[in-house]
Structure formats: structure tokens, C-alpha cells
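Peer 1: Sequence below, structure please.
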Amino acid sequence: MGRLFHKPERFSMYRKSFAKEIDYLGYDSVAIVAIISLFVGAVVTIQTALNLDNPIIPAYYIAIATRESIILEFSPTMISLILAGKVGSNIASTLGTMRVSEQIEALDVMGINSPAYLILPKILASMIFNPILILLSMFLGILGGYIAGDLSGMITPPDYVLGLQLGFRPYYVAYSLSKTVVFAFLITSISAYYGFTVKGGAVEVGAASTKAVVTSSVAVIIANYIITQVVLGN
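Peer 2: So this is what the prediction gives:
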């Protein structure tokens, strides 16, 4: 981590690497985030409607519960866990393969700060692009709930829109995006550590990839509890 933030040898190299990581770690995750968010939002709405099936409770409470569930927990935390599996394993396996094939040693021989060149662009790309993915997830999750409520007849579109507007706190969105930045750092740095320090061959690379996913997922869950307790618990 100390070598990670040293002054770059050439900023142009880092800019190219950063742009590549944005595409590799960010854009490639849009499809899976979109599909999962759309259908989970629909499921959350249906399950909430079934649990609130009471004539005394206004229908718009279904939208309120869906909104809070998606913004506060599903999008920032569950999507981050999914990205820990997809992005984390990718980072660990890529760096691990470079380590066992001695590509990292070659960079060091050429005088390049290999941790900064290989890892820093990944961390920055994830910390910048993951909040965009989470915003997309929030939007599509709520949209999926809207579509499911309308198609199933459990909540009318006007009631759903009314519920989304009632008591909405923009602070919750900012809080969730702040969590996402922390999660992105944990996922990329932990996964990069396991990949960068791997020793052995292909078997060890696979083991390092598995350890990276498990450890980063646990770190995200623990960080989620700590952040929630500190920010919302007081």
C-alpha cells in the first residue's frame, strides 16, 4: 500500500491504464447489474405487497418500503457483493497470472513501480465507476418495482409514484454512494493484494482468486455494519 501512492513515473501510462480499467471493471459490469436490479426490484415490490396486504395500510406504503430497501441496502451492499465476486476474482486472477509468469518482475526490472502501475488504476476506476453502477441499480430497482406492481395489480402507478415521493430523503442516496466508494476500495485493494502476492502456479492463482472473493465479501459486510452504525445509528 505504501508503494501504491508513490509519484507515477509517467502520467500518460497511468491515464491509459485507468481508461482501460474503467472499461474492463466498469462497463463490463453494467449488464449484470441492470438485469439483477430490475428483477430484484420487482421481487421486493411483490413480497412487500404480500406482507402489507391489509385494507388499513395505504397502498403507497409498498413503494416507500421498496424505495428504502433498494436505496439503503440492496443497491449499495448486495450489488457490491456481486461485484466482489465478478471484479474481485478478475483482479486477483489477472495479477496472479502476471506474478507466476514473472511479468511483474519484468516491470520492476524496467524501473516501473509495479504496484502503482498495476493496482492504482484499478482502485481509482472502481471507486469512480462503482457509484455510477449503484445509481443505475437504484433507478432500475425502483423501475422494476413499478413495472411489477402495475402488471400484478398490487399497486397502481399513481400510488407507487406517490409512495416514492413521500418522505424521500436525498441524504440516503448520498449515504449509500459514500458506502459504495468504501466498498470499492476494499474489494479492489484486497483482491489486488491476493493476486499480487500469489506464489506458485495456476492452482495457487485459482486459490488466491477464491480467497480474494471471500475476504473482500466479508470485508464489505463488516464495513457495511460499521458505517451504518456510525452514520445512521446515532
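Peer 1: give the contact list for residue 139.
Peer 2: Listed by CB atoms under 8 Å, 6 or more residues apart in numbering, residue 139 has no contact partners. Just so you know, the C-beta spots here come from the backbone N, C-alpha and C atoms, and that holds for glycine as well.
Peer 1: and what of residue 145?
Peer 2: The contact partners of residue 145, by CB under 8 Å, 6+ apart, come to 41-42, 44-45, 63, 66, 70, 160.
Peer 1: Show me which residues of the helix or strand of the chain with the lowest mean pLDDT are buried.
Peer 2: Every helix and strand in the chain was compared by mean pLDDT, DSSP states H and E; the lowest is helix 11-21, with a mean of 75. For helix 11-21, the neighbour count (16 or more other CB atoms under 10 Å) marks 14, 17-18, 21 as buried.
Peer 1: Got the phi and psi for residue 112?
Peer 2: phi -90, psi 140 (degrees, to the nearest 10).
Peer 1: do residue 54 as well
Peer 2: phi -140, psi 130.
Peer 1: Mind checking which of the contacts of residue 145 are in helices?
Peer 2: Residues of these located in helices (DSSP state H): 41-42, 44-45, 63, 66, 160.
Peer 1: wait, what's in contact with the residue nearest the centre of the chain?
Peer 2: By CA atoms, centre = their mean, the mean C-alpha position of the chain lies nearest to residue 80, the distance being 2.8 Å. Going by CB under 8 Å, 6+ apart, residue 80 touches 130, 134, 179-180, 183-184, 187, 220.
Peer 1: got a pLDDT number for it?
Peer 2: pLDDT, residue 80: 91.
Peer 1: how big is the angle separating the lengthiest helix in the chain from helix 11-21?
Peer 2: Across the chain, the longest stretch assigned as helix under DSSP H is helix 114-152. Counting by axes from the mean of the first three to the mean of the last three CA atoms, to 10 degrees, helix 114-152 lies at 30 degrees to helix 11-21.
Peer 1: from the chain's centre, how far out does helix 114-152 sit?
Peer 2: 6 Å (CA atoms, centre = their mean, to the nearest Å).
Peer 1: list the buried ones in it?
Peer 2: 114-127, 129-134, 136-142, 144-149.
Peer 1: Could you export the ones in helices among the contacts of residue 145 as JSON lines, including neighbour count, pLDDT and distance to residue 209?
Peer 2: Below are these laid out as JSON lines (neighbours: other CB atoms under 10 Å; pLDDT from 0 to 100; distance: CB to CB, whole Å):
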{"residue": "41", "neighbour count": "29", "pLDDT": "91", "distance to residue 209": "30"}
{"residue": "42", "neighbour count": "21", "pLDDT": "92", "distance to residue 209": "32"}
{"residue": "44", "neighbour count": "22", "pLDDT": "90", "distance to residue 209": "31"}
{"residue": "45", "neighbour count": "30", "pLDDT": "90", "distance to residue 209": "35"}
{"residue": "63", "neighbour count": "27", "pLDDT": "89", "distance to residue 209": "40"}
{"residue": "66", "neighbour count": "31", "pLDDT": "90", "distance to residue 209": "35"}
{"residue": "160", "neighbour count": "26", "pLDDT": "90", "distance to residue 209": "41"}
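Peer 1: Go through those residues and name the one nearest residue 92.
Peer 2: residue 41 (30.3 Å; CB to CB).
Peer 1: How about the contacts made by that closest one?
Peer 2: Per CB under 8 Å, 6+ apart, neighbours of residue 41: 66, 70, 74, 140-145, 148.
Peer 1: Next up, identify which helix or strand residue 218 is on.
Peer 2: In the assignment (DSSP states H and E), residue 218 maps to helix 202-231.
Peer 1: Output the contacting helices and strands for the least confident helix or strand of the chain.
Peer 2: helix 114-152 (3 or more CB pairs under 8 Å, 6 or more residues apart in numbering; DSSP states H and E).
Peer 1: Cheers, nothing more for now.
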